[in-house]
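> Below: sequence and its predicted model.
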Amino acid sequence: MNTGMKVALGALTLLVVGVGGELLYLHHRNVEDATPTAKAEYKMDPDDMATYTLKHEHPMSLQDEKDLKGRALWMSAGGQLDFYPYTGKVDYAHSAGVLLGAEKIVVKTAVEQVAPKSAAFRIPAGDRQVLLVFTRPDDTANPAKEYAVPVGYKQGGDYTFETDNVFFYEDPHKTFSSWSPEIWKAIDEHRAIVGMKENQVQMALGQISTPHGEKIGDRSVEYDDQGKPKLITFENGKATQILDDKK
């Protein structure tokens, strides 16, 4: 294991596939009945299948990141990564905000730059941080304005990239096409509604959350929601109550 990978494993906490924020696992159980060889048939949840088949690029070099030029990507690690103005150099001193779930960007290039400690909260700084330079086509006021977001770092001669864990390479609206128009409208407006599943709320409000209970879909979860906490109760897999968490 190279040095960069060791640092990534030790420092990076966001390595969760955007939708759901939970490890995907598949399991089969044999169920015996009157016929010893009989097996129960199980249907895979469409979300599990979609998550299982997500595309990955496995970048290994700065050039691999630069090769994303012209590509559209969509944020999966919503609410976790600050992005910064870019004018030939990354302006780390002035965060432009955080990228939200399912937000679309268009890649212009990739760059390396020495990062301050303040910019290494989610992606380590390393010797030099690697950032994607991009535009936000859905920002009607400034669709051509360029920004930069960290996606990896260089430590010594080794690169570590988290692009696969941070972005969808294909439009999640199509990947998760089983979700209703009402659900997708709420996600695109970054709000939670009753009836959402945990992974849908996470895409809408961001991955920074604190669960209260072990069973997914039957517990309450507090979502940071960009500093405006929401406490959401889930029962039988669906959100049943949404409260502003004023503590």
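Happy to help now that I have it. Numbering: from 1, shown residues only.
> And the residue nearest the centre of the protein?
In the chain, the C-alpha nearest the mean C-alpha coordinate belongs to residue 77, at 1.9 Å (Cα atoms, centre = their mean).
> Checking my notes, it in a helix, right?
No - counting by DSSP: H, G, I helix; E, B strand; the rest coil, one finds residue 77 to be coil, located in no helix.
> what about the residue lying closest to it once chain neighbours are set aside, distance to residue 78?
Closest residue to residue 77 apart from its sequence neighbours, by Cβ to Cβ, 6 or more residues apart in numbering: residue 166 at 4.7 Å. No exception for glycine: its C-beta is placed from N, CA and C like everyone else's. Per Cβ to Cβ, to the nearest Å, residue 166 is found 10 Å from residue 78.
> Phi, psi for residue 63 please.
Backbone geometry at residue 63, expressed as degrees, to the nearest 10, gives phi -60, psi -40.
> Residue 201 is in contact with residue 221, isn't it?
Yes - here residue 201 reaches residue 221: they are 7.4 Å apart, a contact under Cβ atoms under 8 Å.
> which neighbours do the two share?
residue 232 (Cβ atoms under 8 Å, 6 or more residues apart in numbering).
> Show me which of these two is the more surrounded one.
Using other Cβ atoms under 10 Å as the criterion, residue 201 and residue 221 rank with residue 201 on top: 27 against 20.
> Wait, a helix at that one?
Yes - read with three-state DSSP, residue 201 is one of the residues of a helix.
> Run through the residues that contact it.
Counted by Cβ under 8 Å, 6+ apart, residue 201 has contacts 192, 221, 223, 232, 239.
> neighbours of the fourth one, just the number please.
Residue 232 sits with 23 neighbouring residues when counted by other Cβ under 10 Å.
> Equivalent analysis for the third one, please.
Other residues near residue 223 number 25, with proximity taken as other Cβ under 10 Å.
> That one and residue 163, how far apart?
From residue 223 to residue 163 the distance is 24 Å (Cβ to Cβ).
> do the first one as well
Taken as Cβ to Cβ, the spacing of residue 192 relative to residue 163 amounts to 27 Å.
> go on, the last one?
With distances defined as Cβ to Cβ, the gap from residue 239 to residue 163 amounts to 30 Å.
> OK, contacts around residue 120?
Residue 120 makes contact with residue 129 under the criterion Cβ under 8 Å, 6+ apart.
> That one and residue 86, how far apart?
From residue 120 to residue 86 the distance is 18 Å (Cβ to Cβ).
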